[in-house]
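J.: Please work out how this folds:
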Amino acid sequence: MFRKSVLSVVLGIFVASCLMVLQGRVLLAQNGATVVNDVNHDQSAPLGEMSASAVQDGGEPRMIPLRHRMHKARQGQIDPVVQSSAGPLVSATPASAFGGVGANGSAPPDSNGAVGATQYVEWVNSEFAVYDKATGALVYGPVAGNTLWSGFGGPCQDTNDGDPIAQYDKAANRWVMTQLGNVSFGPPFYSCVAVSTTSDATGSYYRYAFSFNDLNDYTKLSVWPDGYYLSANMFHKLTGGSFSFAGPQACALNRAAMLAGRTATMQCVQLTNFYYSLLPSDLDGSTPPPAGSPNYYVSLDSNSLNLWKFHVDWTTPGNSTLTGPTNMPVAAFNEGCNGGVCIPQGGTTQQLDSLGDRLMYRLAYRNLGSRESLVVNHSVTAGSVVGLRWYEIRSPGGTPTVYQQGTFAPSDGNYRWMGSIAMDQSGDVALGYNVSGSNMHPAIRYTGRVPSDPLGAMEAESNILQGAGSQTGGLTRWGDYSSMSIDPVDDCTFWYVNQYIPSSGAFNWATHIYSFKFASCGPTAAPAAPTGLVATPGNAQVSLSWNSSSGAATYNVLRSTTSGGPYSMIATDVASTSLTNTGLSNGTAYYYVVQAVNSAGTSSNSNQAGATPVCSLPGVPAGLSATPGNALVSLSWAAASGATSYNVKRSTTSGSGYATIANVTSTSYTNIGLTNGTTYYYVVSAACSCGEGANSSQVTAKPQAPTAPAAPTALQASQATSAKRINLRWTQSTSSGVSQNKVYRSTTSGGTYALVGTVSATTSYSDGYLNSGQTYYYVVTAVSGSGTSAYSNQASARAK
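T.: Presented below is the predicted three-dimensional model:
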């Protein structure tokens, strides 16, 4: 049964520990969080073995509503950081480009994706697909989003409500997928979350459902060391089905529990409806934030940004805190299209939505060692057009400051919006977006900067794909977001996905996936040679291990049969610091070296390590024991090193004459069909592909037929106070394991006796419905697993 399971204890939410006044508003530091248990969780089969859910488009194309808060747009402010002139051509080179998932009956697509070790996953409303990132080949899909919850039960399985996010947890090498559930039928409303069990997006997933009383609209999910952090705009469903904005909510999901597939909790803090559309910080790169760092949430305000710090205590949720906001002034701006619709397109009067009232996905975090940075963007009015305002925030864990900002709006009369921004390991920044104008169809482009560029400036943009049509048919919805992510393998390659229109029309959008890399990103020198190489011989194999080399991306392993070389390459692109070389010849000496590799080059050889594979016999089984039974003996022993199976041997002569009676892979065996009363002698030997080891110590056992229990004693019979009844009492059998007593009766002394009652191992019985004046004679037996005892002494009494 799919049921709501929310922990009713609300731990100190909305308790004010700090009260301050900022710009005429009262702000609170929130202590504690509402703790929500997962409604349901399980582990799925691999995606390829699950039934793909059908995309439910309801027949007619569907425009997904854009839910706004009620606010007054700002107008008339002059943007002082507009960059209208072109800088140098963006210094990046393309890597991959391929078509993504296309229209499926709804708009907008909510285009987003993530890049993993070998795959790229794209998720749109209402389908996702998996691609080989090296070739762009489709590996799986497209299938409906709720295919991930096929067989899970409840709204996550039965509804496919979008606002999807695909993430890759780089530290764990897992995919994290989420979308909404039960939007049309709630409350309750759901966040459906799936965490892959491996780095393969087509494999199995740990699946979760978390419930909300209000609609968790425009959900965004990020990855952080201590949790998966989520933000949503909460809308309260009113009588009649309309919604009112209740304020944003910040939630943290227990990452450690979800990576292990255990029951998970979510901790949430609700903010007032003064605030809107928070973004949680999303970790890029292999360097985590300083230990104990909170997750950072940022939202757009009047000529400023608000930043909160969400510290989560999974052991004591009452200690969890959402502190802030810290208000960071920025250059004056007006929201793009005043937060509404004004983006022109070529060949039509139909305009598009800017979503200028919010920050755009993602809030990308990076720890560069000497500094911590957050980058984020939104669309603003730039003269007569719309441009992209972007920010780099530094020191978020201390006193956060806007280190640099700019509005990218080249003076070509075109509008730029729907951006997504990220930073690579060298501090290069890339910003992808859509561009459209009255004389052009919507296109996908990107710009970027390197650390040596002037602060607040982007380089000249580069075209990714020019759409061949414009969106028509009264359809204004566009976006609602795009996604720029960083390749976890080289931490340099940017991957971007966004929408375009292949030919003028409505509900016919398409998406495009593109990757590129700045030439300046990555190490400038080859890594140092690995140290500490150790070779350990085995049966036809050698196991190698070595210390990691700073700056290494992968390793090469080389081998020779001559000490000092020459060496031949036996493995490349080894991502770990260990390797087992199999298929070798026992008795041959092998010599190994390892090289460290990065994009700048290859190191010199490591120290040499040699080993000679040998086929070693397994150890001797210890702890052999024998327990006799009825025509059987049960044997058990401890596992022996190197064993793949065991030979069980038996003799009827101590110390000799053993014959193998069984070969087993476990460490126990029951020898049946034996002769009771005969003494048997046993030994066990371990075996492997190299042969059989020595025999264990001998044990002996003699099977015996079961012995019936001793008879009960001291049986007494007495006339009951009530008519026609006799009471019996006795002393229980002295044998162990007695489970029952049987009571027998006769009207003749010495029998023949008839069974009149069976009781559990008690020592009394009352016999009723007798003939008045008749004398009755009784005996009792004891019953155990070994049999039934002889009769007890006889006792008699006359019925009243």
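J.: So which residues of the stretch 201-350 of the chain form strands?
T.: Shown for the stretch 201-350 of the chain, the strands assigned by DSSP state E, counting those that start in this stretch span residues 205-212, 215-224, 227-237, 243-253, 265-270, 279-284, 295-301, 304-311, 321-329, 341-345, 348-353.
J.: Is it possible to get JSON lines of those that adds mean pLDDT and mean neighbour count?
T.: All C-beta spots, glycine's among them, are computed from the backbone N, C-alpha and C. What follows is these, written out as JSON lines (pLDDT from 0 to 100; neighbours: other CB atoms under 10 Å):
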{"stretch": "strand 205-212", "mean pLDDT": "98", "mean neighbour count": "26"}
{"stretch": "strand 215-224", "mean pLDDT": "98", "mean neighbour count": "24"}
{"stretch": "strand 227-237", "mean pLDDT": "97", "mean neighbour count": "23"}
{"stretch": "strand 243-253", "mean pLDDT": "97", "mean neighbour count": "21"}
{"stretch": "strand 265-270", "mean pLDDT": "97", "mean neighbour count": "22"}
{"stretch": "strand 279-284", "mean pLDDT": "99", "mean neighbour count": "25"}
{"stretch": "strand 295-301", "mean pLDDT": "98", "mean neighbour count": "25"}
{"stretch": "strand 304-311", "mean pLDDT": "98", "mean neighbour count": "21"}
{"stretch": "strand 321-329", "mean pLDDT": "97", "mean neighbour count": "20"}
{"stretch": "strand 341-345", "mean pLDDT": "98", "mean neighbour count": "22"}
{"stretch": "strand 348-353", "mean pLDDT": "98", "mean neighbour count": "18"}
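J.: could I get these as a markdown table with distance to residue 528?
T.: Below are the strands of the stretch 201-350 of the chain laid out as a markdown table (distance: least, CB to CB, whole Å):
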| stretch | distance to residue 528 |
| --- | --- |
| strand 205-212 | 39 |
| strand 215-224 | 30 |
| strand 227-237 | 35 |
| strand 243-253 | 39 |
| strand 265-270 | 43 |
| strand 279-284 | 25 |
| strand 295-301 | 35 |
| strand 304-311 | 38 |
| strand 321-329 | 41 |
| strand 341-345 | 52 |
| strand 348-353 | 53 |
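J.: For residue 88, find the nearest of those.
T.: Each of these has some distance to residue 88 by CB to CB; the shortest is strand 279-284, at 24.8 Å.
J.: Let's see the pLDDT reported for residue 656.
T.: At residue 656, the pLDDT value in this model is 95.
J.: And the one 5 residues further on, by the same measure?
T.: pLDDT, residue 661: 97.
J.: what's the neighbour count on it?
T.: 13 (other CB atoms under 10 Å).
J.: Does the residue nearest the centre of the chain lie in a helix or a strand, and which?
T.: What sits nearest the mean C-alpha location of the chain, by CA atoms, centre = their mean, is residue 195, with 2.8 Å. Mapping residue 195 onto the secondary structure by DSSP states H and E places it in strand 189-196.
J.: and that strand, what's its mean pLDDT?
T.: If you average the pLDDT over strand 189-196, you get 98.
J.: for it, packing partners?
T.: helix 155-158, strand 174-181, strand 205-212, strand 215-224, strand 227-237, helix 255-260 (3 or more CB pairs under 8 Å, 6 or more residues apart in numbering; DSSP states H and E).
J.: is it possible to export those to a markdown table including distance to residue 453?
T.: Conversion of the helices and strands packed on strand 189-196 to a markdown table gives the following (distance: least, CB to CB, whole Å):
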| stretch | distance to residue 453 |
| --- | --- |
| helix 155-158 | 45 |
| strand 174-181 | 33 |
| strand 205-212 | 42 |
| strand 215-224 | 27 |
| strand 227-237 | 31 |
| helix 255-260 | 36 |
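J.: Of all these, which one comes closest to residue 443?
T.: Across the helices and strands packed on strand 189-196, closest to residue 443 is strand 215-224 (CB to CB), at 25.1 Å.
J.: List the strands paired with that closest one, with their directions.
T.: Sheet pairing for strand 215-224, assigned by DSSP bridges, gives strand 227-237 (antiparallel).
J.: Next, the angle strand 304-311 makes with the partner strand.
T.: Orientation check (axes from the mean of the first three to the mean of the last three CA atoms, to 10 degrees): strand 227-237 against strand 304-311 gives 120 degrees.
J.: Quick one: work out the angle between strand 227-237 and strand 243-253.
T.: With the same axes, to 10 degrees as the basis, strand 227-237 and strand 243-253 are set at 160 degrees to each other.
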